[in-house]
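**Q** prediction below, plus the sequence it came from.
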Amino acid sequence: LPRMVAGSFVSLPPETFLPWRNDFGIGGVYEAWACGLLFQRLLIGREPIQHESLGDYLESLQDGSLARWIDEGVQAIGALFPANVLPSAVFSGLLNFDPHRRLTPAGAGRILWDVRYEGLAFTTAATAREY
């Protein structure tokens with residue numbers, strides 16, 4: 001699964017193209033990348049970044065354009081929720097380049113549940129990271 005390119009490569013996480021550690025179970029972090037793209041689409045209507053080819057995708061990882069695109073999404077989602085940093089933190093967590101630090105879909109769902117139904121809100125990124 002971590003090395004399989006089936007269908008579109010748009011939702012592939014960066015670790016697909018990095019040396020894979022056998023001692024690391026990918027669990028939900030592989031799918032989390034695609035969930036992050038969907039989360040952005042649902043919140044701000046932004047299409048996933050378009051790549052002409054697999055080489056173009058790899059170049060965007062190397063030159064930082066994919067990271068900049070993610071940062072722009074974080075800012076746009078943050079602008080939607082100026083009194084709560086959690087939605088943009090969830091987006092950023094789902095699209096973390098490091099799979100060991102990436103938020104799982106279950107973790108994102110739990111945070112968003114607390115935001116929606118418990119009224120959880122943090123105004124600083126440091127408090128959100130602690131949570």
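**A** The structure has been received and is ready for your questions. Numbering: from 1, shown residues only.
**Q** my guess is Glu86 contacts Arg116. True?
**A** No Glu there; residue 86 is Leu. No: between Leu86 and Arg116 there is no contact under C-beta atoms under 8 Å: 10.3 Å. Placement of C-beta: from N, CA and C, glycine included.
**Q** and the two? Which one has more around it.
**A** When Leu86 and Arg116 are compared for neighbours, Leu86 comes out ahead with 21 against 9, by other C-beta atoms under 10 Å.
**Q** excluding its backbone neighbours, what's nearest the residue minimising distance to the centre of the chain?
**A** For the chain, Leu95 is the residue whose C-alpha lies nearest the centre (C-alpha atoms, centre = their mean; 1.9 Å). Spatially, and ignoring its direct neighbours in sequence, Leu95 is nearest to Gly36 (4.0 Å; C-beta to C-beta, 6 or more residues apart in numbering).
**Q** burial check on the one you found, number of neighbours?
**A** 26.
**Q** isn't it right up against Phe97?
**A** No: applying C-beta under 8 Å as the test, Gly36 and Phe97 come out as separate, 11.2 Å apart.
**Q** follow-up on the earlier one: quick one: contacts for the residue nearest to the centre of the chain?
**A** With contacts defined as C-beta atoms under 8 Å, 6 or more residues apart in numbering, Leu95 is in contact with 33, 36-37, 70, 73, 102.
**Q** mind listing the helices for this structure?
**A** 29-44, 54-63, 65-80, 86-94, 105-118, 125-130 (DSSP state H).
**Q** just the mean pLDDT for the first one, thanks.
**A** Pointing back at helix 29-44 there. Per-region confidence: helix 29-44 scores 86 on mean pLDDT.
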